[in-house]
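[1] sharing a model that was predicted from the sequence below.
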Amino acid sequence: MGSSKGVLLSGVALVIGFYMLGIKKSDRLTAEIAEGRANDVQSLNIAQSGIRFAINSLATSNFSITSSESSSSLFGGTLSYTIDGVTLGPGWARITSTGVVGGSRVTLVADVQQTLAGQKKDRGNMWQVAKIYTQPS
């Protein structure tokens with residue numbers, strides 16, 4: 001009878017051990033998924049900021065930009081953007097902005113148009129986003 005209690009107790013301990021191992025593995029995977037998702041969202045935020053920085057650069061340049069590049073550190077990641085003022089024609093520009101955090105990279109492409117209000121001298125250059133999309137990575 002004592003031996004059957006020992007076997008039963010060993011079996012219960014083994015089951016509890018496997019159960020605890022599964023919980024630890026699940027916790028680790030959950031943390032990895034959460035960190036990856038946080039990096040994805042942060043990369044998107046950085047890329048969106050790059051679009052705004054580029055539009056501000058266009059607004060202060062009197063649209064003399066034919067091509068421009070910028071790269072900097074931002075919000076714990078890296079931002080790089082380019083402005084192409086030639087491809088789409090007069091009054092248009094294409095901005096490509098990339099945000100990188102950890103192993104996550106998001107690239108946004110925005111076509112922006114100079115607005116009618118932007119042609120008035122007292123208001124400077126004003127630009128609006130006509131189309132924006134995420135470039136597949």
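    Yep, it's here.
[2] where in this protein is pLDDT low?
    Residues of the chain meeting the criterion pLDDT under 70: 1-2, 62-67, 116-125, 137.
[3] all strands for it, in order.
    Under the criterion DSSP state E, the chain contains strands at 67-74, 77-84, 92-101, 104-114, 127-135.
[4] export these as TSV, with columns for distance to Gly11 and mean neighbour count.
    In short, each C-beta sits where N, CA and C put it, glycine included. Formatted as TSV, those follow (distance: least, C-beta to C-beta, whole Å; neighbours: other C-beta atoms under 10 Å):
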stretch	distance to Gly11	mean neighbour count
strand 67-74	56	13
strand 77-84	50	20
strand 92-101	47	22
strand 104-114	45	20
strand 127-135	53	13
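[5] what sits against the nearest residue to Ser71 once chain neighbours are set aside?
    For Ser71, ignoring the flanking residues on the chain, the nearest one in space by C-beta to C-beta, 6 or more residues apart in numbering is Ser80 at 4.1 Å. For Ser80, the contact set (C-beta atoms under 8 Å, 6 or more residues apart in numbering) comprises Gly50, Glu69, Ser70, Ser71, Ser72, Ser97, Thr98.
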